[in-house]
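A.B. asks: can't give you the sequence, but here's the structure:
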C-alpha cells in the first residue's frame, strides 16, 4: 500500500527516469548528449508552457480545448505584428498576449455567463478561433524568416541551454508559486473541488473561473511565441494536436480530471517523458505513427497504476462494487 | 435580556409556492433558541435567508433593534451571523486551516502567510477543545471531524449569532456532548445560538426557547422548560398524535414467532468484524444497535452482497447463499435501503416513477422482451405511491423536488416492489419530519405483520426500543449484546442496557440469561 501511495505521488517521475534510462541503454550516448537533451526540451517547451494553464483550468473543474487555436492565432498575430504592423518583437508579443486575454475572456464568459459545459464551449470557441486565424491571415501562411533578431533570440544559449528553456523554467516557477502560495491558487483548487462551498464562503466563483481561462489563454500565447520564434512562420495549420498534447501531459502528470487536485511538476515531467519517447523513436528510425501507439499505451498504463490503489483498497476492504 | 435578532413578517416564495408566510420571531441575546418543525415547514429557508443564500421577498430583519439588509453571504458575515448548514460546506482537497479561513487567508503581500494561518487555526481549535491537526486535508477526516471543522469555521467569524442546522446528524453521543459543551461555552460568552434539530432529546437538553414553524408559518413560541415533548410534537404536526412511538407499550411478537428466515453464522471479515451470528424470524423486526463506527453497516452491507466476508455462512430459509453482489441478494429476496439517500439512494435527476421502478425494470417487459410496458409500470408505481401515501404532483415529477420523507418512502417502495422477503433498512428516518416518521413506523409494523423479516439499523435508541422484537448490539465489530423487550428480564431492551452494550461496558445475551 505504501508503495502504491508513493507511486501515486511520484509515479510519473519514476516512469520518466526509467524510460530515459532505457532509451539511454538502447541508443547510447548520443541520446543523452547536451545537444539532444536541449533539443528535446526546446521541442516540449510550448506544450509545457500551455500545460501550466491547462493544469489551472482542469484543477478549477473545467477544460480548455481551444488553446490549440489560440496558439495558432498567436503565430499569425506575431507574423502580422512583425511584417505588416512593424511593431517590433516586444510589440508583437504584447499584441499576441492581448489576443490571448480576449480569447480567455470569451471562453470564461461562455462558461460562467451562459453556463455552458466548458468542454463544449471551448470546442466551439476552438473552431471559431481557428476561423478567425484564417480571416486575419487571409488564409495564407505569413513568413517572417527575415527577422533575424527574433530567430537569434530563440537560439541564444545560457549555460548550454537555449533561451526558450529558461523562459519555460521561469513561467513554470511562477505557475507553481501562484498555485501553491497565493489565495488565487487556493481559490482555483476550491472552485474545482466544490463550487457551491466556495460560493457560500463568499468567493466570486465566476471571477476565479474567468481568470483561470484568461491565464490559460496567456500561457497558450507564450507557447505560441516560442514556436513562432523557432519556425518563423504563422500558419493556420499549426497547433492541430496542441490541446490534446497538453491535456495528455496534464492528466499523465497526476492532475485530477474531476478538479481540485493539480500537479504542475508532474505535468512537466509527463511532457518531458513524451518528448524523450518521441525523440527515441525518431532515433530508432521508427515511423511517427508509432509515437501515437506508445503514447496511448503509456497513458493507459499510468492511469491504471493510479487506479490500482483504489482497486486494491476496495478489494481489501471487502467492497464488491466498482 | 435584550433581543439580539428580530424577524418581522418574513415571506418567501419559490416559483409561486409559498415557503415562508409572514414569519416573525424574536431571539434573545445569550440564549439557545430552537427552531423546529416538519420538513418543508420552512426552517431551512428561513436560515438560508439569514445566511444570505436566499433573498426574502418581504419582511424586516433587525439586529439589536436596527434594521439590516442581507443580500449575500458576505452581508450576513458582516452583520455577525454565521450558519452551519446541514450539508457540509468544506473543500475536500484543501487543509483544515485553509478551509476555515478560506475567505480571509492571511497574507504577506500577495503570498499566503502559512505560518500565521496555521497558528490562527491552532489557537481556534485549542479554544474550542477540538483536537484536529490544521494541516490535514479535509478529505482524510472522519464525518464527525468534518462537522467539528464546520463548527470551528462558523465560530471563527466571531459572530454574534450562530445558526446550526441539524449539527448532530453525523455525531455520536460523545461528540454531541462535546458540541453541547461548546454551545454552553458560547452562551457564557453572550453569543446566541439558533439550533435546528429533529431530536427532541437535544432540544430539551440544550435550548432555552423554541419557535415552531408549520407549513411556512409560525405555529407557536415556547419556553423550553414549560412544555412537554408530546405537546411540542403536537404543535409541530398540528394535531395530537398518540401513536408517534407506538403509543401504548410494546407487544413482542416472540410468541407468534414464525420460522427462522435468515441465519447468519460466524460471519468474519478480518479487521472489520468477527464472529457475527444471529437469526431473523419471519415477521420479526431485528434491530442492530451500536455506536457509529461499530461496523454494523459493514455487516448489513455483507448481507446485501456489497461487502465480501472472509468466512462465515448466510442461510435463507435453510438455503446457503453466496452473496457476491447486490444482484445476487435481490434475486434471493433480500433488499436494502441505504442511509445515504443522496449518495446511493435516489437518482436525483430522474422522476418519481423511474426511481420507484428502478429495481424491477427487467420484470416490466411487455410483449417484447426488453421493452418496458409503461402502462404496467405506471400501475405498479401508482399502487405503491397510494399504499405509502407518497405526496407528489405527478409520477413524472423529479424526485429531488419531493420532501425528504417522501423521497425515503419512494426508496422503500422501490425495495418493496421487488417482492423482497428480507428488508434491510439503514436509518430509515434520518432527516425526515415527525409525520413521515410516524408513517414509516406504522408501515414497518404492517410489513412485519405480513411476514416480512426486517433488519433495522438505526442510531435512534427510541426506534430500537419501540420497534424491534430483538436487538443485536455490536461493539468494535463483535456482538456485545442481544436484548429483547421482555419486562423484568435481565436482557430487557432498555436504554440503559443498550448503552452498556454499545459502549462495550457489559455483555448481555438474552439466550444465556434464559438458559
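C.D. replies: Received, thanks. What you see is a predicted model, and the numbers here were worked out from it, not measured in a lab.
A.B. asks: how deep is residue A:303 tucked in, by neighbour count?
C.D. replies: Using other C-beta atoms under 10 Å in any protein chain shown, residue A:303 has 13 neighbouring residues. All C-beta spots, glycine's among them, are computed from the backbone N, C-alpha and C.
A.B. asks: my read: it touches residue A:251, true?
C.D. replies: Yes. Between residue A:303 and residue A:251 there is a contact at 7.4 Å, judged by C-beta atoms under 8 Å.
A.B. asks: Look at residue 115 and report its pLDDT.
C.D. replies: No chain specified, so I'll use chain A. Per-residue pLDDT puts residue A:115 at 90.
A.B. asks: Chain B was what I was after
C.D. replies: pLDDT, read off for residue B:115, is 90.
A.B. asks: In three-state terms, label it for me.
C.D. replies: helix (DSSP: H, G, I helix; E, B strand; the rest coil).
A.B. asks: From chain A, how far off is it?
C.D. replies: Distance check for residue B:115 against chain A: by C-beta to the nearest C-beta, to the nearest Å, it reads 12 Å.
A.B. asks: swap in residue B:218?
C.D. replies: 26 Å.
A.B. asks: repeat for residue B:315
C.D. replies: Residue B:315 sits 20 Å away from chain A, going by C-beta to the nearest C-beta.
A.B. asks: in which helix or strand would I find the residue nearest the centre of chain A?
C.D. replies: Using C-alpha atoms, centre = their mean, the residue of chain A that lies closest to the mean C-alpha position is residue A:51, 1.8 Å off. According to DSSP states H and E, residue A:51 maps onto helix A:34-59.
A.B. asks: hmm, that helix in reach of chain B?
C.D. replies: No. Helix A:34-59 does not reach chain B (C-beta under 8 Å from any C-beta of the partner chain); its nearest approach is 9.0 Å.
A.B. asks: so where is the stretch 401-515 of chain B shaky, pLDDT-wise?
C.D. replies: For the stretch 401-515 of chain B, the stretches with pLDDT under 70 are B:511-515.
A.B. asks: hang on, I meant chain A
C.D. replies: For chain A, the ranges with pLDDT under 70 are A:1-5, A:8-9, A:306, A:309-310, A:313-322.
A.B. asks: Going along the chain, name the helices of it.
C.D. replies: Here chain A has its helices, by DSSP state H, at A:2-27, A:34-59, A:67-83, A:88-112, A:118-137, A:148-155, A:163-181, A:183-193, A:195-200, A:205-231, A:242-252, A:264-283, A:289-317.
A.B. asks: Quick check: buried residues in the fifth one?
C.D. replies: For helix A:118-137, the buried set under the neighbour-count rule, 16 or more other C-beta atoms under 10 Å in any protein chain shown, comprises A:118, A:121-126, A:129-130, A:132-133, A:136-137.
A.B. asks: circling back to that earlier point, buried sites along the helix holding residue A:51?
C.D. replies: Using 16+ other C-beta under 10 Å as the test for burial, helix A:34-59 gives A:36-38, A:40-59.
A.B. asks: which parts of the stretch 251-400 of chain B sit against chain A?
C.D. replies: B:269, B:272, B:298, B:302, B:305, B:306, B:307, B:308, B:309, B:324, B:325, B:326.
A.B. asks: Surely the first one is in contact with residue B:301?
C.D. replies: This means residue B:269. No. With contact defined as C-beta under 8 Å, residue B:269 does not count as touching residue B:301 (10.3 Å).
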